[in-house]
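what's the 3D shape of this:
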Amino acid sequence: MATPPKAASLPKSGAVSRGYNFASTWEQSTPLTEQQEAAIAALSHAFSERPLPDKLSQDHASGHDNVLSISTKQSTVEESGVIGAVLVNTNEFYTWFTDLEALMKSETEEKYQHYLTSLTERIETCDGILLQVDETLDLFNELQLQHQAVATKTKTLHDACDRLLIEKQRLIEFAEALRSKLNYFDELENVASNFYSPNMNVSNQNFLSLLKRLDDCISYVESNPQYAESSVYLVKFRQLQSRALGMIRSHVLSVLKNASSQVQVAIRSSSDSKVAVSEAVEASVIYVRFKAAASELKPVLGEIESRSSRKEYSQILSECHKLYCEQRLSLVKGIVHQRISEFAKETLPSLTRSGCAYLMQVCQLEHQLFDHFFPSSSEDISSLSPLIDPLCTYLYDTLRPKLIHEANLDILCELVEILKVEVLGEQLSRRSQSLAGLRPSLERILADVHERLTFRARTHIRDEIANYMPLDEDLDYPGKLERSVETRSETTSADENQDVVNTWYPPLEKTLSCLSKLYQSLDSEVFTGLAQEAVEVCSISIQKASKLIMKRSSPMDGQLFLIKHLLILREQIAPFDIEFSVTHKELDFSHLLDHLRRILRGQASLFDWSRSTSLARTFSPRVLESQIDAKKELEKSLKATCEEFIMSVTKLVVDPMLSFVAKVTAVKVALSSGSPNQKLDSVMAKPLKDQAFATPDKVAELVQKVSLAIQQELPGVMEKMKLYLQNQSTRTILFKPVKTNIVEAHIQIQSLLKSEYSPEEIQSINMVSIQDLQAQLDDLL
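Predicted coordinates for the structure are as follows:
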């Protein structure tokens, strides 16, 4: 059976492959979503079920009929061919069958062949178009390469132009910077020609501008030492600056001397040489006219002050300050000396007050004038020191001799108050800036017054308190107190206070008066030492006087005198807010004696540094510290004196009872310490009431003595206490232990009576009850 012929294959075309590639790329790059695919499927299904239109249905039917007719025709033909053909052998049959198949294929694929031909033509056309497009794209690529080359060359040209412009600008800036730097060096010739010109002086309007330019050049050359010949130019600039500053100094001195001359001429013309210059003339001539005469210096001095941060201008400014102070001192020193000499004729406090007030006035006026010329330097008090210090020295030299010879503590304390409160406290505080230059001198004067006051206070304590020799009227106690009580009712309260002070022992009054004056006048440390010394020696002096009064009057008067004055001293020093204690340090060399002995015996070496027993190591004294508290010593003395007084009064009243109790105690101790046989045979073994010293009559007698003492002696004691101690609470405190001792003695006697005596004997003794005794003692107060 013959193989059927292969269908004609489609020609290979670039258009087909590109179309297929485009379709596949499009399908991959833009895939349909599930929703879109569902919509397409639904649309396909709808079209498949939709009936064809009438026209298309008829065409389809007719076409179908045509096919059938064609098929029928062909079948007929075939049948006719088959029938008409005579097949002889198998080869003919195969040939016939092959022809028949070819005929059937050609009839069936005729329209497809036609379409294939048409499609092949279209593909060839598309291939031609694509070829032209490729050629066009190649041309465009070549054109683009040429454009890029042109753009690159253009950009390179632009960059080169920009670099040239930048380089040009840099060179211009470099030239300008070089020109600006060279200007500082070029100014040397210009400035030098101006400064060496015969017409150039400080009054010239171009002088300050040239000086400023010169300073700028010096600053620039100093900050750039790496430039060639910078050191040479710096030396030349320095020379010009020195010349300019020298011209300024000469000009300032000339103007100040001229102003001083004008003021001196005005003073001589306005007042007679033998008449003192009035304060109005001083203010109008010495200050106002001087300010007007020297007003041309203000711009120059202002420029110097504005540049005072530099060393050269700081030096010339200091020289100007010195020249100014010298000229001002030459004008005012004579007048100030004359004024202080007039004040010296007054008392020392008046001299101090008037002299300080006048100096403060002069200092304030001078500070105002100085501030006019040197506004930036006026805050520095050292600038006016060459002027203010000599003026203060005049007052100090006048006060010093008078101060050294002043011995009155009141005047010295008044001087401290004037200087510390009135001058330094009030005046300088209100005008602190203008009067700050006076403070060192015034503090120096105050320190001298403090030193003199401390010396005189120590001398006063030594002579008037420690070494005080009492007179007879000073020791006339209680007579002095009795006379004071008699005159007290006729005096006023002020006189009464003075009269009370007059009853004090003179060293006590002098001690308290001295301390009250020194408390506000001296520093706390100095006053503490003086107060401790004064209280100590005053207490000793009072104790000495107390012993003399004991011999002169009675022991009780001496005790009450001592209690009275120690209480007053303790009360009066209480307001002083200080500690009345000092620490004394002493050097003790006693431990060196043992080392010296060991060295002399050869047991130790003098220069044996390796051993601790070397004298060189141990030759250092011990520092012994001892603290003395005058207030505590005062309290101790007062306590001992009060106890002594209480015991003396107790013995004065109940001494018989105390002796009786002591004898009874001795008998009981003897009985308790002896053997039993001795107790039976001894006389003391008898009952207490049978003892010779303890019979009811003897006990009644001692009770009567004590009762008489309470009625007669104790009121006298209370009168003396009232005479010495005016304070009721003080007397109550002092009498309370006495009362307790008296009551305690009676209680002991009563306990003995109850234990050793019968009720009839107790009744015969007739001892007062404790309640009545306490009431009787309370009535004495």
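
what's the helix or strand for Gln338?
helix 311-343 (DSSP states H and E).

next secondary structure after the longest helix along the chain?
When the chain is parsed with DSSP state H, its longest helix is helix 110-195. Where DSSP H and E defines the elements, the next helix or strand beyond helix 110-195 is helix 207-223.

what's the next secondary structure element after that following helix?
Trace forward from helix 207-223 with DSSP H and E and the next one is helix 230-270.

any stretches of the stretch 501-650 of the chain with poor pLDDT?
580-592, 595, 602-628 (pLDDT under 70).

let's see 90
For the stretch 501-650 of the chain, the stretches flagged by pLDDT under 90 are 501-503, 520, 523-525, 528-529, 532, 573-634.

kindly report the same for the stretch 251-400 of the chain.
In the stretch 251-400 of the chain, residues with pLDDT under 90: 251-252, 254-256, 258-314, 316, 331-336, 338, 360-386.

again, only using 50
For the stretch 251-400 of the chain, applying pLDDT under 50 flags the ranges 273-276.

any idea how many residues pack against His644?
Not quite, residue 644 is Glu, not His. Neighbourhood size, Glu644 [other C-beta atoms under 10 Å]: 15. Bear in mind the C-beta positions are built from the backbone N, C-alpha and C, glycine included.

host element of it?
Counting by DSSP H and E, Glu644 is found in helix 630-673.

point out the other helices and strands that that helix packs with.
When contacts are defined as 3 or more C-beta pairs under 8 Å, 6 or more residues apart in numbering; DSSP states H and E, helix 630-673 packs onto helix 524-552, helix 555-573, strand 581-588, helix 696-708, helix 714-724, helix 728-756.

quick revisit: buried set for the helix holding Gln338?
For helix 311-343, the neighbour count (16 or more other C-beta atoms under 10 Å) marks 312-313, 316-317, 319-321, 323-325, 327-329, 331-332, 335-337, 339-340, 343 as buried.

ok, now stretch 666-674?
Applying 16+ other C-beta under 10 Å to stretch 666-674 flags Val667 as buried.

for Ile404, grab the count of nearby residues.
Ile404: 11 neighbours (other C-beta under 10 Å).

look up how far Asp448 lies from it.
9 Å (C-beta to C-beta, to the nearest Å).

also Glu135?
Glu135 is 124 Å from Asp448, where distance means C-beta to C-beta.

neighbour-wise, which of those two wins?
Asp448 (17 against 10).

which strands and helices sit next to the helix or strand containing that one?
Using DSSP H and E, Asp448 maps to helix 439-460. Packed against helix 439-460 by the contact rule (3+ C-beta pairs under 8 Å, 6+ apart) you find helix 385-404, helix 409-417, helix 506-519, helix 524-552.

dump those helices to CSV, plus distance to Ile563.
Output for those, formatted as CSV (distance: least, C-beta to C-beta, whole Å):
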stretch, distance to Ile563
helix 385-404, 42
helix 409-417, 29
helix 506-519, 13
helix 524-552, 9
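
do you know how far Phe191 is from Ser180?
Rather than Phe, residue 191 is Val. 17 Å.

neighbour count for those two, which is higher?
Each of Val191 and Ser180 has its neighbours counted (other C-beta under 10 Å); Val191 has more, 20 against 10.

with adjacent residues omitted, what lies nearest to the more buried one?
Leu214 (5.4 Å; C-beta to C-beta, 6 or more residues apart in numbering).

that neighbour touches Gln241, doesn't it?
Yes: in this structure, Leu214 is within contact of Gln241 by C-beta atoms under 8 Å, at 5.8 Å.

coming back round to it: which among the helices and strands packed on helix 439-460 is found nearest to Ser441?
Ser441 sits nearest to helix 385-404 of all those, at 3.5 Å, using C-beta to C-beta.

what packs against that closest one?
helix 311-343, helix 348-373, helix 439-460.

how about the contacts made by the closest residue to Leu297 other than its chain neighbours?
Counting by C-beta to C-beta, 6+ apart, Leu297 lies nearest to Val255, which is 5.3 Å off, once chain neighbours are set aside. Going by C-beta atoms under 8 Å, 6 or more residues apart in numbering, Val255 touches Ala293, Ala294, Glu296, Leu297.

the third one and Ser203 touch, don't they?
Yes: with contacts counted by C-beta under 8 Å, Glu296 reaches Ser203, the gap being 7.2 Å.

circling back: quick one: which of the contacts of Val255 sit in strands?
Counting by DSSP state E, no part of the contacts of Val255 is found in strands.

quick one, what contacts the nearest residue to Ser524 once chain neighbours are set aside?
Spatially, and ignoring its direct neighbours in sequence, Ser524 is nearest to Ile578 (6.4 Å; C-beta to C-beta, 6+ apart). Counting by C-beta under 8 Å, 6+ apart, Ile578 touches Ser524, Phe527, Thr528, Ala531.

which of those are buried?
Listed as buried from the contacts of Ile578 are Phe527, Thr528, Ala531; burial here means 16+ other C-beta under 10 Å.

go through those residues and name the one nearest Thr347.
Closest approach between these and Thr347, by C-beta to C-beta: Phe527, at 25.8 Å.

quick one, what contacts that closest one?
Leu518, Tyr519, Ile578.

return the member of those nearest to Ala662.
Distances from Ala662 to these, taken by C-beta to C-beta, are shortest for Ile578, at 47.8 Å.

do you know how far Leu131 is from Leu688?
170 Å.

who has more neighbours out of these two?
More neighbours surround Leu688 than the other of Leu131 and Leu688, with 19 against 11 (other C-beta under 10 Å).

chain neighbours aside, what residue packs nearest to that one?
Nearest one to Leu688, counting by C-beta to C-beta, 6+ apart, is Glu756 at 4.2 Å.

go ahead and confirm that neighbour touches Thr695.
No: in this structure Glu756 lies outside contact range of Thr695 using C-beta under 8 Å: 11.2 Å.

what sits in contact with each of the two?
What both Glu756 and Thr695 touch, as defined by C-beta under 8 Å, 6+ apart, is the set Lys689.

related to what we said a few turns ago, okay if I get the helices and strands packed on helix 385-404 as CSV plus distance to Ala670?
Below are the helices and strands packed on helix 385-404 laid out as CSV (distance: least, C-beta to C-beta, whole Å):
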stretch, distance to Ala670
helix 311-343, 89
helix 348-373, 79
helix 439-460, 61
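
among the ones you listed, which is nearest Leu773?
Of all these, helix 439-460 comes closest under C-beta to C-beta, at 51.3 Å.

and the angle for that closest one with helix 524-552?
Here helix 439-460 points in a direction 20 degrees away from that of helix 524-552 (axes from the mean of the first three to the mean of the last three C-alpha atoms, to 10 degrees).

I'd like the distance from helix 439-460 to the chain centre, please.
Taking the mean of its C-alpha atoms, helix 439-460 sits 32 Å from the chain's own mean (C-alpha atoms, centre = their mean, to the nearest Å).

alpha carbons of it, in PDB - could you do that?
Extracted C-alpha coordinates of helix 439-460, given in PDB (Å, rounded to 0.1, in the frame of the first residue of the first chain):
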ATOM      1  CA  ARG A 439      39.700 101.100 104.200                       C
ATOM      2  CA  PRO A 440      43.300  99.700 104.600                       C
ATOM      3  CA  SER A 441      44.500 102.800 106.400                       C
ATOM      4  CA  LEU A 442      41.400 103.000 108.600                       C
ATOM      5  CA  GLU A 443      41.700  99.300 109.500                       C
ATOM      6  CA  ARG A 444      45.400  99.900 110.300                       C
ATOM      7  CA  ILE A 445      44.300 102.700 112.700                       C
ATOM      8  CA  LEU A 446      41.600 100.500 114.200                       C
ATOM      9  CA  ALA A 447      44.200  97.700 114.700                       C
ATOM     10  CA  ASP A 448      46.500 100.100 116.600                       C
ATOM     11  CA  VAL A 449      43.600 101.200 118.800                       C
ATOM     12  CA  HIS A 450      42.700  97.500 119.500                       C
ATOM     13  CA  GLU A 451      46.300  96.800 120.400                       C
ATOM     14  CA  ARG A 452      46.500  99.800 122.700                       C
ATOM     15  CA  LEU A 453      43.100  99.000 124.200                       C
ATOM     16  CA  THR A 454      44.200  95.400 124.900                       C
ATOM     17  CA  PHE A 455      47.400  96.600 126.500                       C
ATOM     18  CA  ARG A 456      45.600  99.100 128.700                       C
ATOM     19  CA  ALA A 457      43.000  96.500 129.600                       C
ATOM     20  CA  ARG A 458      45.600  94.000 130.800                       C
ATOM     21  CA  THR A 459      47.300  96.800 132.800                       C
ATOM     22  CA  HIS A 460      44.000  97.800 134.300                       C
END
